[in-house]
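1. Pasting the sequence and the predicted model now:
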Amino acid sequence: MDFQLVSGRPDTIDHLVFTTTFTHNNIFYKAALAETISWDGRVTGTYDVLLQSDKGTQRLTLLHNGQHWMAGNEVEQIGVVQQGVVDILGDAIIGIRN
């Protein structure tokens, strides 16, 4: 899986933002992921995702509860994201963090 980090200003803390592409079940995906930051500047521990394929575009939140990644239930999420796709995105986050 290829990814491209998006860097910020050199004088600030750089929260994780990246784009990536991958294929799952013969569907090609493009994704932009950003570490979620609250309005008061705190890291929330979740990631906002914009996920696009020829099946449509979805906005979702990735949550990590110990050893498992899952998609949030927010209103903006249209349809259901396959757990395999969530796992791929979670593995990308862990790989980039390491």
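-> Here it is on my side, so go on.
2. contacting residues around the host helix or strand of I88?
-> Take DSSP states H and E as the rule and I88 turns out to sit in helix 83-97. Contacts with helix 83-97, where a contact means Cβ atoms under 8 Å, 6 or more residues apart in numbering, come from 1, 3, 5, 16, 18, 20, 22, 24-25, 29, 31, 33, 47, 49, 51, 62, 64, 69-71. No exception for glycine: its C-beta is placed from N, CA and C like everyone else's.
3. for the residue nearest to V17 when sequence neighbours are not counted, what are its contacts?
-> Distances taken as Cβ to Cβ, 6 or more residues apart in numbering put V6 closest to V17, at 4.1 Å, once the chain neighbours are dropped. Neighbouring residues of V6 by Cβ under 8 Å, 6+ apart: 17-19.
4. if we can go back for a sec, which positions in the helix holding I88 come out as buried?
-> Buried residues in helix 83-97, counted by 16 or more other Cβ atoms under 10 Å: 85-86, 88-90, 92-93.
5. No more questions from me, cheers.
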